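1. coords please:
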Amino acid sequence: MTELADPRPLAAVLISVVGTLAILAAHRRPNLREAVTLTVAIGKFGIVASMLPGVLAGDVYVWTLGEFVVDIPFALRADSLGMLFGLLASLLWIITSLYSIGYMRGLDEHSQTRYFASFAMSLSAAMGIAFASNLLVLFVFYEILTVATYPLVAHDETEEARAAGRKYLTYTFGGGVAVLAGTVFVYLLAGTVSFTSGGIAGLATADPTLARAAFALLAAGFGVKAALMPIHSWLPDAMVAPTPVSGLLHAVAVVKSGVFGIARLILEVFGPETVDALGVGIVLASFAAFTLLASSVIALRKDNLKRRLAYSTVSQLSYIVLGLSILSPQAITGGLLHIPAHAFMKLTLFFCAGIIHVETHTDDISQMAGIGKRMPVTMAAFAVAAAGMAGIPLVAGFVSKFYLLIGTVSTGDYLFAVALLVSGVLNIAYFWPVVYQAFFESEDAHDAKPLVEHAIGGEGRSTITRPDGGEKQPEDEDETEDAEETETEDDDLDPEELGRPDFSGESVERDYSEPAPLVDGEYAVDQHPSDHTMPENEAGDEADADTDADDPARDADEHLAPGDDHHHGGPPPGGWERRDWFGGESTWFMLGPILAAMTGSVVLGLIPYTAVFLRLIEDIVSTVLTVGVMG
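-> Numbers count the residues shown, from 1 in each chain. Coordinates of the predicted model:
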C-alpha cells in the first residue's frame, strides 16, 4: 500500500460546495439551476472514479490541510473502504438528480432551489465521511450531513414535516454526541483516532471495560443513522419528505453513512481481532438480528407504500451490521456488498413509489390493485428490485445474502443464519402483495377484462358480487337487504352518470380502450396532489373526503397535511387506463433513473466482480485480515 499526496479527495468534497453556491445563484433560472446540479453530480463522480484504478492497484490518496485539534490532522484519505462509499454515493447522485428534476417539476413543488442546494451539500458531507482519515474528521462531516439534510426532511413545511425534522435532528445530533464521546475515549486509550487497517494497536492493550465503553458509544452513535432498534423511529417518520429525499435517506447518503461508520469502527478502529476479544461483536450482531426480524414484521402491517419501504430499510441495514459483526471473511464480504446492493434496489423501490404518487397520487398499497396496467414499466422494475430484496437469484440481494449466510454458518452462528432465512421469507411476505395486486388483481367492478379472471389462491375478498369472479359473502343479511333497498332508487340510472362503479354484478357497456370519464372536468387523481404519508389509523377507517374540488384556491402548489381529508388516490372512475411499455406512463426524467437503478441491481446480481464493488470489498477484507493476523 502506497500513500500518495493528491488533492482529489478534497476536490470531491468541495465541488458540491461550489455547486451549492451556483445553485443558489441560479434560483431565478430553473433550467440553469438543474443544469448546474447535473454538471456538478457528473463532475463529482468523475473525480471519484479517476482514483479507482490507483486504489485497486494498492494506492491510497491523501490530502492534509494541517493540524486540526491537538495532534489530530484534518486529512482526507481515499482508500478501498472510502472508495466503496464514495463511488456509490457519487454515482447514485447523478441518477437521483435526474429523477428529482422530473419529480419536483411533475408536482410543481415549492422551494426547489433550496431542495437542490441542500441535496448538493448533503453529497459534499457524504464525500467527507467517505474520505475522512480519522474519527474526528468523520464526526465533523457526520454532523454537517445532519444539518444539510434537515431542510430536505422538513421540505413540505407542514406541522408533521416540521415535527419529523425535529425528531430527525434530536436523534441524529444525539448520535453525533455519542460519536464524539467515543472518539474522545479512543484518543485517551490509544493516543490516536486515525483509521488503521486491522484496528488501532493501542486499543488491543487498553483497559477492556473502557474499550467496551468506547465501542458502545461509537456503535450507538453510528447506529442512529443505521436505524438499529430501538433508535430507529426517526426514519419512518422522515417519509413525510419528498420521495427523492427518501431515496437520499435510504440509499445514497444518510443511512449508508451510519453503516459506513460501523464498518470503519469494526475494521479500522478496533479491528476484528479486538472486537472478538472484547466480546462486543456478538452483542452488536444480536441487536442487528432482532432489528431485521422485528422491522420486517412491522413492515407487514403498513399499508402506506413508503412506510413499508422505510421499515424494509431498517431491516436491510441490519443485514450489513450483522455481517460486519460476525467477523468471518465471508460475512464481512456479504455485509459490505449489501451496501451497494441495497442502495440500487431500494433506490429503485422508492423511485417507483414516487412516480406512482406523481402520476396517480396513490400512496397506499390497498389502492394499487391493477395499477400494473397504468404503470407497467414502473411495476416491473419494482418487482425486480423487490425480488432482489428478498434474496431471489440474479439480483444483487441474492449475492450479498449468500455471502452472509455462508459466513454465519462457517462460524457456527446458526441462530443468526436462521434469522437471515426467516427475514428472507418475511421480505417475500411484504413485497409480494404489492406485485400481486399490481399485476394479478382487478381494481374494481368497472374492469371488464381483469388481468387475471379469478383471484389466485382463494376466493375474492369483496363482500359484493363482482364481475371478476368474486362472490358476495353473506356475513350480514340485514345490511345486504338494506343496501339493496337503497340501491333500487338508482336502478334506472347509468352508473357512469352517478360517478360511481356499478356493483350490481351486471355488465356495463363501455369501450375500455377509451380514457376514463372526467369528473368536474378532470381525472379524480389529478385534483388533489400531495406527497405525504397518511398516518396509520388504528381503527382502520379512512378519513372522509369532503373537499370541494371546485375551490379555485386549490392548485398544484398546495401542500396538504398527512392524513388530510383532501388526499385522494387509487383508480379513477372507470378503472386504470392501460398504458404501453414504451414510456407512456410518465416522463423519461423519472422512468430513466428507475431503469438505471434497476439495471444496477441486476448487474450486481450477475457480475458483481466486474461491477467493481466486489473487487474493492475483497481488497478491504484481505487487507484487514492480513494486517490483523500479522499484528
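2. average model confidence for the top strand by length along the chain?
-> Secondary structure of the chain per DSSP state E: the longest strand is strand 59-69. Strand 59-69 carries an average pLDDT of 90.
3. export it as PDB, just CAs?
-> Only the C-alpha atoms of strand 59-69 are listed here, as PDB (Å, rounded to 0.1, in the frame of the first residue of the first chain):
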ATOM      1  CA  ASP A  59      -2.500   3.200  -3.800                       C
ATOM      2  CA  VAL A  60      -4.100   5.500  -1.200                       C
ATOM      3  CA  TYR A  61      -4.600   9.200  -2.000                       C
ATOM      4  CA  VAL A  62      -4.200  11.500   0.900                       C
ATOM      5  CA  TRP A  63      -4.600  15.300   1.300                       C
ATOM      6  CA  THR A  64      -3.800  17.000   4.600                       C
ATOM      7  CA  LEU A  65      -4.900  20.500   5.500                       C
ATOM      8  CA  GLY A  66      -2.900  20.700   8.600                       C
ATOM      9  CA  GLU A  67      -3.300  20.000  12.300                       C
ATOM     10  CA  PHE A  68      -7.000  20.100  13.400                       C
ATOM     11  CA  VAL A  69      -7.200  19.500  17.200                       C
END
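4. For that strand, list every residue counted as buried.
-> Neighbour-count burial for strand 59-69 flags 59-63 (criterion: 16 or more other Cβ atoms under 10 Å). Heads up, the C-betas are built off the backbone N, CA and C, glycines and all.
5. Just give me how far that strand sits from the chain centre.
-> 32 Å (Cα atoms, centre = their mean, to the nearest Å).
6. what about Ile392, is that helix, strand or coil?
-> coil (DSSP: H, G, I helix; E, B strand; the rest coil).
7. give me phi/psi at it?
-> As for Ile392, its main-chain torsions (degrees, to the nearest 10) stand at phi -70, psi 140.
8. There's contact between it and Phe398 in this structure, I believe.
-> Yes: look at Ile392 against Phe398 with Cβ atoms under 8 Å: they come within range, at 6.1 Å.
9. How about Gly600, nearest residue that isn't a chain neighbour?
-> Closest residue to Gly600 apart from its sequence neighbours, by Cβ to Cβ, 6 or more residues apart in numbering: Phe344 at 3.9 Å.
10. Assumed that neighbour was part of a strand.
-> No: Phe344: not assigned to a strand; according to three-state DSSP it is helix.
11. any idea how far it lies from Gln330?
-> Separation of Phe344 from Gln330 (Cβ to Cβ, to the nearest Å) stands at 21 Å.
12. Compare the two (neighbour count), which wins?
-> Phe344 (31 against 20; other Cβ atoms under 10 Å).
13. Now do the contacts for that one.
-> 92, 251, 385, 396, 597-598, 600-601, 604 (Cβ atoms under 8 Å, 6 or more residues apart in numbering).
14. 6 Å instead?
-> 597, 600-601 (Cβ atoms under 6 Å, 6 or more residues apart in numbering).
15. Also Val275?
-> 266, 281.
16. Can you list the low-confidence ranges for the stretch 301-450 of the chain?
-> 444-450 (pLDDT under 70).
17. for the helix or strand hosting Leu421, packing partners?
-> Using DSSP states H and E, Leu421 sits within helix 414-440. If contacts are counted by 3 or more Cβ pairs under 6 Å, 6 or more residues apart in numbering; DSSP states H and E, helix 414-440 sits against helix 280-300, helix 371-374, helix 376-389, helix 396-410.
18. Of all those helices, which one comes closest to Gly323?
-> Closest to Gly323 of these, according to Cβ to Cβ: helix 396-410, at 5.0 Å.
19. Buried residues in the closest one, which are they?
-> Result for helix 396-410 [16+ other Cβ under 10 Å]: buried residues 396-401, 403-409.
20. and it, how far from the chain's centre?
-> 21 Å.
21. For it, which helices and strands make contact with it?
-> The helices and strands touching helix 396-410, judged by 3+ Cβ pairs under 6 Å, 6+ apart, are helix 305-326, helix 329-360, helix 376-389, helix 414-440, helix 588-606.
22. export these to JSON lines and tack on distance to Ser295?
-> JSON lines is the format used below for those (distance: least, Cβ to Cβ, whole Å):
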{"stretch": "helix 305-326", "distance to Ser295": "4"}
{"stretch": "helix 329-360", "distance to Ser295": "14"}
{"stretch": "helix 376-389", "distance to Ser295": "13"}
{"stretch": "helix 414-440", "distance to Ser295": "9"}
{"stretch": "helix 588-606", "distance to Ser295": "21"}
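23. do you know which of those lies nearest Phe215?
-> Using Cβ to Cβ, these put helix 305-326 closest to Phe215, at 11.1 Å.
24. what angle sits between that closest one and helix 414-440?
-> 160 degrees (axes from the mean of the first three to the mean of the last three Cα atoms, to 10 degrees).
25. which residues make contact with helix 305-326 from outside it?
-> Contacts of helix 305-326 (Cβ under 6 Å, 6+ apart): 226-227, 232, 235-236, 239, 250, 255, 259, 262-263, 266, 281, 284-285, 288, 291-292, 295-296, 298-299, 302, 331-332, 334-335, 338-339, 342, 349, 353, 365, 404, 407-408, 411, 533.
26. Kindly calculate the angle that that helix makes with helix 280-300.
-> Going by the same axes, to 10 degrees, helix 305-326 makes 160 degrees with helix 280-300.
27. what about the stretch 501-631 of the chain, any weak spots by pLDDT?
-> For the stretch 501-631 of the chain, the ranges with pLDDT under 70 are 501-568, 627-631.
28. quick one on the thing from earlier: could I get the buried residues of strand 59-69 in CSV, plus columns for distance to Phe439?
-> As requested, these are exported to CSV (distance: Cβ to Cβ, whole Å):
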residue, distance to Phe439
Asp59, 49
Val60, 49
Tyr61, 48
Val62, 52
Trp63, 51
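29. thinking again about what came up before, tell me which of the helices and strands packed on helix 396-410 lies nearest to Glu3.
-> With Cβ to Cβ as the yardstick, what comes closest out of these is helix 329-360 (22.3 Å).
30. how far is that closest one from where the chain is centred?
-> 6 Å.
31. Could you do stretch 60-76 as well?
-> That offset, for stretch 60-76, works out to 33 Å (Cα atoms, centre = their mean).
32. outside of stretch 244-264, which residues touch it?
-> Contacts to stretch 244-264, defined as Cβ under 6 Å, 6+ apart, come from residues 85, 89, 92, 96, 99-100, 103, 122, 126, 129, 145, 149, 152, 195, 222, 225-227, 238-239, 313, 317, 320-321, 324, 343, 346-347, 350.
33. And that stretch, end to end?
-> One end of stretch 244-264 sits 27 Å from the other (Cα to Cα, to the nearest Å).
34. per-residue confidence averaged over it?
-> Averaging pLDDT along stretch 244-264 gives 86.
35. next one: stretch 280-296
-> Here the average pLDDT along stretch 280-296 is 95.
36. Please enumerate the strands of the stretch 51-200 of the chain.
-> Remark: strands assigned in the stretch 51-200 of the chain by DSSP state E, counting those that start in this stretch are 59-69, 72-78.
37. can you put the ones you listed in a markdown table and add distance to Thr205?
-> Putting these into a markdown table (distance: least, Cβ to Cβ, whole Å) gives the following:
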| stretch | distance to Thr205 |
| --- | --- |
| strand 59-69 | 24 |
| strand 72-78 | 21 |
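38. Roughly how far does the residue nearest the centre of the chain sit from Thr149?
-> Nearest residue to the geometric centre of the chain (Cα atoms, centre = their mean): His250, 3.1 Å. Relative to Thr149, His250 is positioned 12 Å away (Cβ to Cβ).
39. same question, Phe173
-> Phe173 is 12 Å from Thr149, by Cβ to Cβ.
40. So for those two, which residue has more residues nearby?
-> Each of Phe173 and Thr149 has its neighbours counted (other Cβ under 10 Å); Thr149 has more, 28 against 15.
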